[in-house]
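J.: I'll drop the sequence and a predicted model, then ask my questions.
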Number of protein chains: 2
Amino acid sequence: MTMTKPMHETLQKIVENAPGSKGAILMGFDGITVDQYVRPEFVDAMDIESMAMEFSFRFLELRDAAKSLEMGAISDITLKAEYGTVVVRVLSTEYFVAIILGDGTLMGKSRWLLRSNANALNSDLVNG
Amino acid sequence: MTMTKPMHETLQKIVENAPGSKGAILMGFDGITVDQYVRPEFVDAMDIESMAMEFSFRFLELRDAAKSLEMGAISDITLKAEYGTVVVRVLSTEYFVAIILGDGTLMGKSRWLLRSNANALNSDLVNG
């Protein structure tokens, strides 16, 4: 038995390496959070859980739409808005990981970080 | 009075310059098409109108979610799926332009083409 929390550490590592990022969250498409990491300076200002929850159901609908259009499974979703950007990587039919970026941030590195850590997060989900 | 259709030409130009693209469509968030251009070789295989219509209502919901989360207006949405990618640029509160890319295509240039032609398309929408 180990006391380390590899999933939390992975989320923290993603956030710390993503320029302009505020936090990252691993959530089920049912809107239930598995784990999250928010930069200390944004913990009071941002409710990443409510944010991801608000989007999770919409992501589910996008996923179903893509499937019905024979586009196959959605792997990535990005939403760029005036005051922030959400970059999402779908981990499985049940889970996704999302990173929240501040205004005017380039999303390329965040997307890459989510992709390159997807396997690690997935294996934490499976092995607990 | 002119017989040229600048909006259609803009969509065609976007598609022809976007590597791996199949077609582009300018649509209202109510699912009604303004104009579209599909590469001749995909006209029979792809119903870009049904595709965009299926997503338009979901985009509207994403837009409302972002607004309620105080993220401001959404400007860009990208969806990457197994067999294709949809890159969307929001033109106004009423209209968006979307480009459909084939499997395995890099989306960067398409996103840039939509952005750099957004003003031209918007002015066509206003001036008719």
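T.: That came in fine, so what should we check first? Numbers count the residues shown, from 1 in each chain, chains lettered A, B, ... in the order given.
J.: what sits up against stretch A:49-61?
T.: A:25, A:27-31, A:33, A:36, A:74, A:77, A:79, A:86, A:88, A:90, A:96, A:98, A:100, B:58, B:61-62, B:65, B:68-69 (CB atoms under 8 Å, 6 or more residues apart in numbering or on different chains). Glycine gets a C-beta too; all of them are placed from N, C-alpha and C.
J.: Now A:Glu70: which helix or strand?
T.: Under DSSP states H and E, no helix or strand contains A:Glu70.
J.: for the residue most central in space within chain A, which residues make a bridge with it?
T.: Closest to where the C-alpha atoms of chain A average out (CA atoms, centre = their mean) is A:Ala98, at 1.4 Å. In this structure, A:Ala98 bridges to A:Ile25, A:Val88 when assessed by DSSP bridges.
J.: Enumerate every residue touching it.
T.: The contact partners of A:Ala98, by CB under 8 Å, 6+ apart, come to A:Ala24, A:Ile25, A:Met27, A:Ala52, A:Phe55, A:Val86, A:Val87, A:Val88, A:Arg89.
J.: these two touch, right, the second one and A:Leu11?
T.: Right, the one you point to is A:Ile25. Yes - the criterion here is CB atoms under 8 Å, and A:Ile25 meets it with A:Leu11 at 7.4 Å.
J.: anything in contact with each of the two?
T.: A:Asp35, A:Gln36, A:Tyr37, A:Val97.
J.: Could you single out the nearest of those to chain B?
T.: Checking these against chain B with CB to the nearest CB, the nearest one is A:Val97 at 14.6 Å.
J.: returning to that earlier point: closest to chain B among the contacts of A:Ala98?
T.: Taking the contacts of A:Ala98 together and measuring to chain B by CB to the nearest CB, the closest member is A:Phe55, at 5.9 Å.
J.: and that closest one, what pLDDT?
T.: pLDDT, A:Phe55: 94.
J.: now do A:Gly128
T.: Per-residue pLDDT puts A:Gly128 at 65.
J.: same thing with A:Gly108?
T.: A:Gly108 is given a pLDDT of 85.
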